[in-house]
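1. Next comes the sequence, and after it the predicted model I'd like to discuss.
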Amino acid sequence: MEDTFKTIEEPVKEVIFKEKSSKFLGYAFPVKTEEEIKRHLEAVKKEHYSARHWCYAWQLGYGNSQHYRANDDGEPNNSAGIPIYGQIQSFELTDILVIVVRYFGGIKLGVGGLVQAYKASAQLTLQEAKIVEKIITQTLAISFDYKDMNRVMRVIKERNLQVVSQKLEMNCTLFIEVRNSEAEQIRAVFEAMYGISLLKNER
């Protein structure tokens, strides 16, 4: 099972690429939601309100839940968003937004010229980024009586698992984070223990 993904650790801002008096400014942001993407786009548009185009591409998620969007923002079809997205794929990144702002310099570049310029701008921007590999995890919720706390904690300690939160009411519920590749094995260990139940709480 897929266990890791690559993204960028922090934003990259205003990487400049020039072509025939047009100026392209590249931005990259680590993102988790489409709401975050919207906020970054609005901020960059506000900062460069006099620019001609704000083209972008983003990708979120991993595995079967991966989805993306590419936007030409008024440039000829597939001359901007797709070349930017191609670089996100080339660097094998996800949970990322790349924006390229264009200030038109008066000389038309043609579709081929635009494709190359947006590709180069996105590539230069991502070359400036600090790329990190992150582990894909899911959260398991384990429910049990107080008397079974020691048994559960022993497994958590032996397996080096992380408790992310807990609910201690009439009985106990612990939320533990596990690597995707180990989830089935960990689930089986707890399911085999008498008096312990797993709740549906994966993310």
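-> Yep, that arrived.
2. show me where pLDDT drops low in the chain?
-> 1-2, 200-203 (pLDDT under 70).
3. at 80 what do you get?
-> For the chain, applying pLDDT under 80 flags the ranges 1-2, 63-65, 169-170, 195, 199-203.
4. Now for the spatially closest residue to residue 92 that is not a sequence neighbour, how many residues are close by?
-> The spatially closest residue to residue 92, leaving aside those adjacent along the chain, is residue 6, at 5.4 Å (CB to CB, 6 or more residues apart in numbering). Quick note: C-beta positions are derived from backbone N, CA and C, even for glycine. The number of residues packed near residue 6 is 15, by other CB atoms under 10 Å.
5. Quick check: the gap between residue 6 and residue 153.
-> Going from residue 6 to residue 153 by CB to CB, to the nearest Å gives 34 Å.
6. still on that earlier bit, mind listing the strands the strand or helix carrying the residue nearest to residue 92 pairs with, and their directions?
-> Secondary structure from DSSP states H and E places residue 6 in strand 4-8. Here strand 4-8 is paired, per DSSP bridges, with strand 131-135 (antiparallel).
7. contacts for the helix or strand following the partner strand?
-> Downstream of strand 131-135, the next assigned helix or strand under DSSP H and E is strand 137-144. Strand 137-144 has contacts (CB atoms under 8 Å, 6 or more residues apart in numbering) with 151-152, 164, 171-180, 183, 186-187, 190, 195-203.
8. For residue 132, list the residues it contacts.
-> 6-9.
9. Any idea what it is bridged to?
-> Under DSSP bridges, the beta-bridge partners of residue 132 are residue 7.
10. Next one: residue 148 relative to residue 90, how far apart?
-> Taking CB to CB as the measure, residue 148 falls 50 Å from residue 90.
11. who has more neighbours, these two?
-> For the pair residue 148 and residue 90, the greater number of neighbours falls to residue 148 (17 against 12), based on other CB under 10 Å.
12. Next, count neighbours for the closest residue to that one other than its chain neighbours.
-> When the adjacent residues along the chain are set aside, residue 148 lies closest to residue 195, with 5.2 Å between them (CB to CB, 6+ apart). Neighbour count for residue 195, taken as other CB under 10 Å: 12.
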